[in-house]
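Q: here's my sequence, what's the structure:
(4 chains)
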2 protein chains.
Amino acid sequence: MERPELGYLFDRLLRVVIAREEPILAAAGLQMWDHVLLTALARGDAPTQAQLAAETGRDKTRLIGNLDRLVELGLVSRVPDPADRRNRVVSLTTEGRQVLERCQTGIRAMETELLGALPAGERANFERALVALAASLD
Amino acid sequence: MERPELGYLFDRLLRVVIAREEPILAAAGLQMWDHVLLTALARGDAPTQAQLAAETGRDKTRLIGNLDRLVELGLVSRVPDPADRRNRVVSLTTEGRQVLERCQTGIRAMETELLGALPAGERANFERALVALAASLD
DNA sequence: TATTGTTATACTCTATAACTATA
DNA sequence: TATAGTTATAGAGTATAACAATA
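A: Take a look at the predicted model:
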């Protein structure tokens, strides 16, 4: 039995996930990239913007507008590093962490429903394989 | 154990698949969208360009440039429908079918290697679940 | 008048290269 | 001089609307 190509399948699934995340994020006033950045920052402060850009696969020049927005919303702080004032340390504010956690809860529920299309026994295996496959690409 | 979000995982995997397909397609003189269109046409002629655009998720105006290119390469034919001369029937040429099959062989090999990161027992289950999940979205 | 395909226009996103401030 | 961040410019990709041909 021929199956469709992986590119087709992953593209299809990614588009659906993005479409279903969009209203969840919009309810919190966030766009897709805001969420990516907040998620990265939840793993720890970024000592420089360049490092945050590298971690998220975003260009350093494109990052700036997103950070401006997040600072404006009060979700992120961006302060010069006293040790080297060229660097700016980016971190989540308390409100930023709260907003992120609210989004994560909603997204988790959406994902559970999406994966509900799989038989219960297969679901856990699928998730494990997905994580293993992504990890194999490092 | 928390796993990363589906959006992160699918995005990651899709990017890798695209990156690894690119040289295979380039060797055949194709770009990503060329391959998408040839694949769709392999399932049957497109009675109108609008229908082909809808099937591939492409805008009808953006489709035109791609078709111009494929016709130029001799991989696709685009002829007015005698029954309704507003429509243009798009089909694969013999050469188009050959080029597509060559690409598919290369992509299949690449995918086998990519999925080789999973234990042999899990691989088939993962592929089956992936197809089932995508099918559940129709 | 309605529809298919095409062309033209504007808009967004992205990439590259200057610019500033610190070191 | 070299680096972090910013800004400015140009390019690619995309969306929208007008247009020509056919029904």
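
Q: show me what from chain A comes close to chain B.
A: Counting by CB under 8 Å from any CB of the partner chain, chain A comes close to chain B at A:3-14, A:16-18, A:21, A:39, A:104, A:107, A:111, A:114-115, A:117-118, A:122, A:125-134, A:136-137. Every residue, glycine included, has its C-beta placed from N, CA and C.

Q: filter those down to the buried ones, ChimeraX style.
A: Listed next is the ChimeraX selection for buried residues among the residues of chain A next to chain B, using 16 or more other CB atoms under 10 Å in any protein chain shown:
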select /A:5,6,7,9,10,11,12,13,14,16,17,21,39,104,107,111,114,115,118,122,125,126,127,129,130,133,134
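
Q: quick one: the longest strand anywhere in chain A near DNA strand D?
A: The residue-count maximum for a strand in chain A (DSSP state E) belongs to strand A:84-92. Yes - contact of strand A:84-92 with DNA strand D (CB under 7 Å from any atom of the strand) involves A:86-88.

Q: which secondary structure state does the residue most central in space within chain A sit in?
A: The centroid of chain A falls nearest to residue A:36 when counting by CA atoms, centre = their mean (2.8 Å). On the three-state scheme (DSSP: H, G, I helix; E, B strand; the rest coil), residue A:36 is labelled helix.

Q: tell me the spacing between it and residue A:42.
A: Between residue A:36 and residue A:42 the computed distance is 11 Å (CB to CB, to the nearest Å).

Q: ditto for residue A:34
A: 13 Å.

Q: also residue A:116?
A: Between residue A:116 and residue A:42 the computed distance is 26 Å (CB to CB).

Q: burial count for the residue in chain A positioned nearest to DNA strand C?
A: In chain A, the residue that lies nearest DNA strand C is residue A:85 (3.5 Å; CB to the nearest atom of the strand). Neighbour count of residue A:85, defined by other CB atoms under 10 Å in any protein chain shown: 8.
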